[in-house]
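> Test case, fold it:
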Amino acid sequence: MNSDLPAGDRHSEGTTHFGFRDVPTAEKAGLVREVFTSVAAKYDLMNDLMSLGVHRVWKRYFVATSGVAKGDRVLDLAGGTGDIAALLHGRVGEAGEIVVGDINAAMLGVGRDRLTDRGLVRGLRWVQLNAEALPFPDASFDLVTIAFGLRNVTDKARALREMHRVLKLGGRALVLEFSQVKPAWFKPVYDFHSFRVLPRLGRLITHDAASYRYLAESIRKHPPQDALKAMMEGAGFERCDYRDLSAGICAIHSGYRV
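Reported below is the predicted structural model:
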């Protein structure tokens, strides 16, 4: 067993978790790719169902408190459908650049088309990539963000090290992710919504209950707040901290390269 991993990440040797299933490590990326190819066209709907619509507020807050400035170069990982990029676009200004990276071509296509339809073209670059092996030189970005994507990465520690590597000195990494609900009384309600309501809505609206079941399970397997903070520190980040949103349904983790 991998006893050095957070409890939510422990699994048999040579395997990793895909929701509540253990699968061969080499297969997880492909399985995740299938899920997001399936839901790409209805990704916003998926997040609306998972968060009861509050994800839009969380994302606005995430960007508003990011500290991004005019002229910054930003890497937005797992940013396929462009939600975070659209919110960042006006903040970096004409001198800035946003590189949107995602492992899934279908997600990138949805995002590129959506932002192009809104007239957001300048200063945006779309790159299909793996967060565990970023195709950028060291010290390339002022800010690296990843929203609702880290839990789907096979090797989270490696992805965090890559985020640290591509940051400039003084740069900041921000992770917005579903996390562990804090009030004990709320957990049964949240579990009922996640495991009973969400898959049924997925089947009814998108004819894909399995993908929504995986997404609910992936939240429970994601490291809790303090464990993720420790992982960021282990990846080399300094001044690591997190802020719970909506009673811990999700959290924003922050760390700097210094």
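> now the strands for the stretch 51-200 of the chain?
Applying DSSP state E, counting those that start in this stretch to the stretch 51-200 of the chain gives strands spanning 73-77, 97-102, 124-128, 141-147, 167-178.
> What lies in contact with the fourth one?
Contacts to strand 141-147, defined as Cβ atoms under 8 Å, 6 or more residues apart in numbering, come from residues 59, 62, 66-69, 72-79, 83-84, 88, 99, 131, 159, 163, 166-168, 171-177. C-beta coordinates here come from the backbone N, C-alpha and C atoms, glycine included.
> quick check: angle from the host helix or strand of A251 to strand 167-178?
Assigned by DSSP states H and E, A251 falls within strand 250-256. Using axes from the mean of the first three to the mean of the last three Cα atoms, to 10 degrees, one finds that strand 250-256 and strand 167-178 are set 170 degrees apart in direction.
> what helices or strands is strand 250-256 leaning on?
Packing partners of strand 250-256 (3 or more Cβ pairs under 8 Å, 6 or more residues apart in numbering; DSSP states H and E): helix 55-64, strand 167-178, helix 225-234, strand 238-245.
> could I get those as JSON lines with mean neighbour count and distance to P188?
Listed next are these as JSON lines, based on neighbours: other Cβ atoms under 10 Å; distance: least, Cβ to Cβ, whole Å:
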{"stretch": "helix 55-64", "mean neighbour count": "18", "distance to P188": "22"}
{"stretch": "strand 167-178", "mean neighbour count": "21", "distance to P188": "17"}
{"stretch": "helix 225-234", "mean neighbour count": "18", "distance to P188": "20"}
{"stretch": "strand 238-245", "mean neighbour count": "15", "distance to P188": "19"}
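> so which of the ones you listed gets nearest D44?
Closest to D44 of the helices and strands packed on strand 250-256 is helix 55-64 (Cβ to Cβ; 8.5 Å).
> Which phi and psi values does K182 adopt?
Here is the backbone geometry of K182 (degrees, to the nearest 10): phi -90, psi -50.
> burial of A139, as a residue count?
Look at A139: counted by other Cβ atoms under 10 Å, it has 13 neighbours.
> ok, now which ones touch it?
Neighbouring residues of A139 by Cβ under 8 Å, 6+ apart: 166-169, 171.
> For the chain, give me the ranges with low pLDDT.
Applying pLDDT under 70 to the chain flags residues 1-13, 39, 46, 50.
> and of the helices and strands packed on strand 250-256, who's closest to G14?
Set against G14 and scored by Cβ to Cβ, those come closest in helix 225-234, at 20.9 Å.
> Give me the helices and strands touching that closest one, please.
Secondary structure elements in contact with helix 225-234, counted by 3+ Cβ pairs under 8 Å, 6+ apart, are helix 156-166, strand 167-178, strand 238-245, strand 250-256.
> picking that back up, now flag whichever of the contacts of A139 is closest to R213.
Of all these, R213 sits closest to V166, with 33.6 Å by Cβ to Cβ.
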